[in-house]
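In: prediction below, plus the sequence it came from.
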Amino acid sequence: METDEKLRIAVYLCTEDLSPLGNYFPENWAKTNALDEKIQYVETQYGFRLEEIFPFRELLMPDIDFLELNKSFLKQPDVFLRIRLRRQAAVTEALRKSNIDFSKEGENAVRIKGRVAVDQVLQVNKDVVVQDLHSQAIATLLPDGNIGSIWDCCAASGGKTLLVRDQYPKARIVVSDVRESMLQNHKKRMQEAGVNVQQYRVLDLTKPVEDLKQKFDLIICDAPCSGAGTWARTPEEMSFFEKDALTPLHQLQLTIVQRIFGLLKENGYLLYITCSLFSEEDDWIIQQLVEKLPVSIEKQQLFIGTDKRADTMFGCLLKRTE
């Protein structure tokens, strides 16, 4: 096809309200905003195949609905906020007064429709955290009981640090990442949030961990991964990705968990997280860890976002059992 025609089909499939586009589409095209009807039309008229959008079907976790996954790439995921501790009433009232189109998803999650300047209405990081629905849902895997010390070992921008701070307000938190620039951003975010971090360390977790002497009740490992569960937000990543990249990623994830395991207290917990759809980064890793390390699986879940306009996240809570 000519590029103009390909672009017209792409706009047709990915635009939820066609009315502002006027005469951009030929008269004989089905004028509908229903995605299933638009897909059916271009399949019939142009030989489009929905199931060819995602090229790595054989690598997926078994619970993924393949057609729903392909459809998710035609819809921009929503923005989600997590309301921080004891701020529910104030945040909800501020959003109502601002006329922002939002809906509550449970007690603390807020779905924002469209692109809005949330920071003009709320104090981001102090009142709310910009965090995907299923990044928030990872909290359901956190252990109950007394957690006095936490290590967020691949901390990145700090979303999980804020999550565990609100879950365990009195815990001491240590944060590390391989990128110093990321830790600088993390510090700034914690200052905005009013969160105290006991210690920051730049650590390459492919090497033995020598800078930390203490052991922890809980280690959060949001592992480096393909990011396939977020590709509906950045679909260009899907076209750049090569499946051969999964093997080194799998080995990196396994190495990191084995390196950090020695700093877990007896009966302590390790929460392994990815934003991946792929078995090799998710349940296969857990199977190997159970075989190699003295751990038991406490909770495990794939949080599927394809039908919720959200990311897909995998999480598994492991307990050290000598």
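Out: Thanks, I have the structure now. What you are looking at is a predicted structure, and each value in this text was computed from that prediction instead of being measured.

In: from Gly148, how far out is Tyr24?
Out: 60 Å (Cβ to Cβ, to the nearest Å). Any C-beta I mention is one placed from the backbone N, CA and C, and that applies to glycine too.

In: cool, and Phe240?
Out: Taken as Cβ to Cβ, the span from Phe240 to Gly148 is 42 Å.

In: more neighbours: which of those two?
Out: Gly148 (12 against 8; other Cβ atoms under 10 Å).

In: give me every residue that touches the nearest residue to Phe80 once chain neighbours are set aside.
Out: Spatial nearest neighbour of Phe80, excluding adjacent residues (Cβ to Cβ, 6 or more residues apart in numbering): Leu133 at 4.7 Å. Residues in contact with Leu133, defined by Cβ atoms under 8 Å, 6 or more residues apart in numbering, are 78, 80, 105, 109, 111, 305, 308, 310-311.

In: ok, Leu133 to Thr161 distance?
Out: 18 Å.

In: what about Ala232, which SS state?
Out: Under DSSP: H, G, I helix; E, B strand; the rest coil, the three-state class of Ala232 is coil.

In: isn't it up against Pro77?
Out: Yes - using Cβ atoms under 8 Å, Ala232 is in contact with Pro77, at 5.1 Å.

In: joint contacts of these two?
Out: 305, 311.

In: more neighbours: the two, which one.
Out: Set Ala232 next to Pro77 and count neighbours by other Cβ under 10 Å: Ala232 wins out with 22 against 18.

In: then Lys319 would be within a helix, right?
Out: No - when classified by three-state DSSP, Lys319 is found to be strand rather than part of a helix.

In: that one: what's it in contact with?
Out: Taking Cβ under 8 Å, 6+ apart, we find Lys319 in contact with 143, 267-270, 295-296, 298.

In: burial of Val195, as a residue count?
Out: If you count neighbours by other Cβ under 10 Å, Val195 ends up with 18.

In: once you drop chain neighbours, what's closest to it?
Out: Leaving aside its sequence neighbours, Val195 sits nearest to Arg165 (Cβ to Cβ, 6+ apart; 5.1 Å).

In: now for the strand or helix carrying that neighbour, which elements pack on it?
Out: In the assignment (DSSP states H and E), Arg165 maps to helix 159-167. Identification of packing neighbours for helix 159-167 by 3 or more Cβ pairs under 8 Å, 6 or more residues apart in numbering; DSSP states H and E yields strand 128-130, helix 133-137, strand 149-152, strand 172-177, helix 180-193, strand 216-222.

In: would you map the helices across this protein?
Out: Secondary structure of the chain by DSSP state H: the helices cover 3-14, 35-46, 66-72, 88-98, 133-137, 159-167, 180-193, 236-240, 246-261, 283-292.
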